[in-house]
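Peer 1: model this:
(one chain, ligands or ions: 1)
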Amino acid sequence: ICTALLKWNEMRYRKKGLPPGTMGWPVFGETSEFLKQGPNFMKNQRARYGSVFKSHILGCPTVVSMDPELNRYILMSEAKGLVPGYPQSMLDILGKCNIAAVHGSTHKQMRGALLALISHTMIREQLLPKIDEFMRTFLSNWDNKVINIQEKTKEMAFLSSLKQIASAESSSVAQEFMPEFFKLVLGTLSLPIDLPGTNYCRGFQARKNIVRILGQLIKERTDSHNDMLGYLMRKDDSNRHKLSDDEIIDQIITILYSGYETVSTTSMMAVKYLHDHPRVLEELRKEHMAIKDRKKPENPIEWNDLKSMRFTRAVIFETLRLATIVNGVLRKTTQEMELNGFVIPKGWRIYVYTREINYDPFQYADPLAFNPWRWMDKSLESQSYFLIFGGGTRQCPGKELGIAEISTFLHYFVTRYRWEEVGGEKLMKFPRVEAPNGLHIRVSSY
Ligand code: HEM
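Peer 2: From the prediction side, this is the model:
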């Protein structure tokens, strides 16, 4: 029966022009092999079928592309019908105005409104002072404590964004908001089964609560504020992108969500790599001590300080590369189309899988070594195969903001503390980078 089922499933997808590959079991496809074997599943399939192959993973017939040139082409081809293909649970919970759910002119409008909020000028004048103030307080009193740095960096990423979004109210709403936000995140990564007790159902309820909290903030604000919510609500000419209240709420959820796991995991992994590589930590600390020494203790990190953190930027890029915080991005076809000579049916998912390029010895010499110095050559950041922040029309608009947050976190962390790991805890690298039991460190003052 098993053989017959597998064969029947292969026959269903044996359409002329499709890439080679296997489809696994009906309904489940090859999801369990993909999740269990992780990157090895992808590498084995590539060895058998080439760098473009078909599979059935996470509930959808999927074409996986591990071809750097095709990957770039896919990311540039949204107008040809290759739109974001994130799971239904994510779209449901993040809202219908969420940036990944909108295309064409609506995407342009939402993205324009977002870019205006997190531009270089905004980071320099509005956001960096808030990030500095937040990190200073958040990183106080860690001395002589055992800390779960995974949990801390998660709180840090969320609370830092919340302060940038609603400075005045962030401390009063954080208590209620944070647990709801964590439920929302879990819901977006779950199967869309709407039964009481499922993560999806809880995530959906959390979204409702968050919409209520944000709606209340919008209603109660009478005068203008210099934070993200304040800018989004402006009705005068200083705001070119006037959004409805529903759009403002989804935009805020987008900002919180997109900068959450990326920033927190990168910060946690940077702490881990710095712990394991004392020479890198020494160099990083030298950079930050020099910044600290040239200012008074009460003076905040400013734009020029941030720009002078060249080695810190290199540490962040090397962490993103070696830990592969982002394995790839998802697209789906809105019509039948040809890619690399293959014919991809409408509605198929395309997994632009960029992980392997991070370990390619032709791109990165000695690829398994944690060597931030390689990024001191700035041209490496602009190589076309480098897709850690995506590419094309959906390239990450929060890149510099994320780097500013992680850099400020590292500044206060390494200038105030030294730390050692306790427990030697397990780290999972796939499908997401996480420490299932937390990552505990003993912190003492520097
Ligand atoms: C280390 C930090 C970060 C990494 C590695 C990262 C990575 C990425 C990647 C790979 C994409 C492309 C997704 C796709 O093409 O489907 C993306 C998109 C996006 N990122 Fe980031 N990101 C980071 C930080 C942030 C931050 C702090 C924000 C906060 C605003 C943010 C907001 C977004 C948004 C809104 C999009 C969607 C853009 C669109 O669809 O037009 N990201 N990010």
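Peer 1: return the residues in contact with the residue of the chain found nearest the ligand.
Peer 2: Of all residues in the chain, the one sitting closest to the ligand is Gly398 (2.2 Å; C-beta to the nearest ligand atom). All C-beta spots, glycine's among them, are computed from the backbone N, C-alpha and C. Shown in contact with Gly398 (C-beta atoms under 8 Å, 6 or more residues apart in numbering): 118, 255, 258-259, 262.
Peer 1: and it, what's its pLDDT?
Peer 2: pLDDT for Gly398: 98.
Peer 1: for the closest residue to it other than its chain neighbours, grab phi and psi.
Peer 2: In space, and not counting its chain neighbours, Gly398 is closest to Gly259: 5.3 Å by C-beta to C-beta, 6 or more residues apart in numbering. Backbone torsions of Gly259, given as degrees, to the nearest 10, read phi -90, psi 10.
Peer 1: Gly259: neighbour count?
Peer 2: By other C-beta atoms under 10 Å, 21 other residues sit near Gly259.
Peer 1: touching, it and Leu159? I think so.
Peer 2: No - between Gly259 and Leu159 there is no contact under C-beta atoms under 8 Å: 11.7 Å.
Peer 1: list the buried residues of the helix or strand of the chain with the lowest mean pLDDT.
Peer 2: One helix or strand of the chain scores below all others by mean pLDDT, DSSP states H and E: helix 2-12, with a mean of 83. Under the neighbour-count criterion of 16 or more other C-beta atoms under 10 Å, helix 2-12 has Asn9 buried.
Peer 1: distance from the chain centre to that helix, please.
Peer 2: Per C-alpha atoms, centre = their mean, to the nearest Å, the displacement of helix 2-12 from the mean C-alpha position of its chain is 37 Å.
Peer 1: helices or strands next to whichever helix or strand comes after it in the packing?
Peer 2: Once the chain leaves helix 2-12, the next helix or strand it forms, by DSSP states H and E, is helix 31-37. For helix 31-37, the packing partners by 3 or more C-beta pairs under 8 Å, 6 or more residues apart in numbering; DSSP states H and E come out as helix 39-49, strand 52-57.
Peer 1: as JSON lines, the ones you listed with mean neighbour count, distance to Arg234 and mean pLDDT would be great.
Peer 2: Listed next are the helices and strands packed on helix 31-37 as JSON lines, based on neighbours: other C-beta atoms under 10 Å; distance: least, C-beta to C-beta, whole Å; pLDDT from 0 to 100:
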{"stretch": "helix 39-49", "mean neighbour count": "16", "distance to Arg234": "46", "mean pLDDT": "95"}
{"stretch": "strand 52-57", "mean neighbour count": "23", "distance to Arg234": "44", "mean pLDDT": "94"}
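Peer 1: so which residues make contact with stretch 3-14?
Peer 2: Stretch 3-14 is contacted by residues 22-26, 54, 56, 61 when judged by C-beta under 8 Å, 6+ apart.
Peer 1: highest neighbour count among the residues you listed?
Peer 2: The residue in those with the most neighbours, by other C-beta under 10 Å, is His56 (24 neighbours).
Peer 1: contact partners for that residue?
Peer 2: 9, 13, 23-24, 28-31, 62.
Peer 1: among these, which two are most distant?
Peer 2: Across those, the longest distance by C-beta to C-beta is 15.2 Å; it joins Tyr13 and Thr31.
Peer 1: contacts for whichever helix or strand Val185 is part of, please.
Peer 2: If you go by DSSP H and E, Val185 is part of helix 170-188. Contact with helix 170-188 is made by 87, 89-90, 93-94, 154-155, 158-159, 162-163, 166, 199-207, 209-210, 213, 217, 253, 256-257, 260-261, as judged by C-beta under 8 Å, 6+ apart.
Peer 1: that one close to the ligand?
Peer 2: No - for helix 170-188, no contact with the ligand is found by C-beta under 6 Å from any ligand atom; the gap never falls below 13.7 Å.
Peer 1: thinking Val83 is in contact with His103, fair?
Peer 2: Yes - using C-beta under 8 Å, Val83 is in contact with His103, at 5.1 Å.
Peer 1: so for the two, which sits in the more crowded spot?
Peer 2: Val83 (20 against 15).
Peer 1: who are the neighbours in contact with the more buried one?
Peer 2: Counted by C-beta under 8 Å, 6+ apart, Val83 has contacts 103, 331-332, 334.
Peer 1: who wins on neighbours among the residues you listed?
Peer 2: Highest neighbour count within the contacts of Val83: Arg331, with 24 neighbours (other C-beta under 10 Å).
Peer 1: pop out the phi and psi values for that one.
Peer 2: The phi/psi pair for Arg331 (degrees, to the nearest 10) is phi -130, psi 170.
Peer 1: who does it bridge with?
Peer 2: Taking DSSP bridges as the rule, Arg331 bridges to Pro84, Ile350.
Peer 1: which of the contacts of helix 170-188 fall within helices?
Peer 2: Among the contacts of helix 170-188, DSSP state H puts 89-90, 93-94, 154-155, 158-159, 162-163, 199-207, 209-210, 213, 217, 253, 256-257, 261 in helices.
Peer 1: residues contacting Pro361?
Peer 2: Pro367.
Peer 1: assign a three-state SS to it, would you?
Peer 2: Three-state call for Pro361 (DSSP: H, G, I helix; E, B strand; the rest coil): coil.
Peer 1: tell me the spacing between it and Arg313.
Peer 2: Distance from Pro361 to Arg313, counting by C-beta to C-beta, to the nearest Å: 23 Å.
Peer 1: got it, and Pro367?
Peer 2: Distance of Pro367 to Arg313, computed by C-beta to C-beta: 20 Å.
Peer 1: next, count neighbours for the residue nearest to Arg221 when sequence neighbours are not counted.
Peer 2: Distance criterion C-beta to C-beta, 6+ apart; nearest residue to Arg221, sequence neighbours excluded, is Met233 at 6.6 Å. Close neighbours of Met233, defined as other C-beta under 10 Å, add up to 18.
Peer 1: quick one, what contacts Met233?
Peer 2: Met233 touches 218, 221, 224, 248, counting by C-beta under 8 Å, 6+ apart.
Peer 1: of those residues, which is the most crowded?
Peer 2: When neighbours are taken as other C-beta under 10 Å, the top entry among those is Ile248 (20 neighbours).
Peer 1: per-residue pLDDT, that one?
Peer 2: On the pLDDT scale, Ile248 is placed at 96.
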